[in-house]
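Colleague: model this:
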Amino acid sequence: MSIKLTPQKKQAVKAEILSLLSSLRDEIGSELVDARTAHWGQSVHDHGEEAAAGLETGINLAHVSRHLKEVRECQAALSRLENGTYGICVDCGEEVELNRLAANPVSARCLSCQAQLESDYPVAKVSSL
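Modeller: Reported below is the predicted structural model:
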């Protein structure tokens, strides 16, 4: 089973995903430079400055990690596009809603399966002060 894409629509989706992939790679490169600069490019004079530089580096690396996950999602979407399974939920095999694909062309799951996946993640409880 697969959704019906005209050759023109398939090419447009592929171009959109490739553009997103290129942007993500640029951002990763920039964030890696920022992380290196934050940690090694400054003269650290005390423990407070060292902690701040370490925190900034950690934040930049967390962004890189998130972007690498998005790169893998783009690559998986391109693979699904090429093998004819693009637009088919990887969990249940049903079609992914077209409006969902229009909003996020790398969507791998239908709305129902995505909601189920997200509900399986524990939510951190914040205590009131």
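Colleague: got the phi/psi numbers for R109?
Modeller: The phi and psi values for R109, taken as degrees, to the nearest 10, are phi -130, psi 150.
Colleague: Quick check, it in contact with I88.
Modeller: No. Applying CB atoms under 8 Å as the test, R109 and I88 come out as separate, 9.8 Å apart. Heads up, the C-betas are built off the backbone N, CA and C, glycines and all.
Colleague: any shared contact partners between these two?
Modeller: Applying CB atoms under 8 Å, 6 or more residues apart in numbering, one finds that R109 and I88 are jointly contacted by V96.
Colleague: Spatially nearest residue to Q75 (excluding sequence neighbours)?
Modeller: Spatial nearest neighbour of Q75, chain neighbours left out: L21 (7.5 Å); criterion: CB to CB, 6 or more residues apart in numbering.
Colleague: who are the neighbours in contact with that neighbour?
Modeller: Contacts of L21 (CB under 8 Å, 6+ apart): V71, C74, Q75, L78.
Colleague: What about those, which one has the most neighbours?
Modeller: The residue in the contacts of L21 with the most neighbours, by other CB atoms under 10 Å, is C74 (21 neighbours).
Colleague: What helix or strand is it located in?
Modeller: For C74, the host element (DSSP states H and E) is helix 47-83.
Colleague: Would you mark the buried spots in the helix or strand that that helix is followed by?
Modeller: Downstream of helix 47-83, the next assigned helix or strand under DSSP H and E is helix 98-103. Neighbour-count burial for helix 98-103 flags R100, L101 (criterion: 16 or more other CB atoms under 10 Å).
Colleague: can you check stretch 14-22 too?
Modeller: K14, I17, L20, L21.
Colleague: In helices, which of those residues appear?
Modeller: For the buried residues of stretch 14-22, the ones inside helices are K14, I17, L20, L21, with DSSP state H as the criterion.
Colleague: what would the contacts of L21 look like in JSON lines with pLDDT and distance to E27?
Modeller: Shown next, in JSON lines, are those (pLDDT from 0 to 100; distance: CB to CB, whole Å):
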{"residue": "V71", "pLDDT": "97", "distance to E27": "10"}
{"residue": "C74", "pLDDT": "98", "distance to E27": "13"}
{"residue": "Q75", "pLDDT": "98", "distance to E27": "16"}
{"residue": "L78", "pLDDT": "98", "distance to E27": "18"}
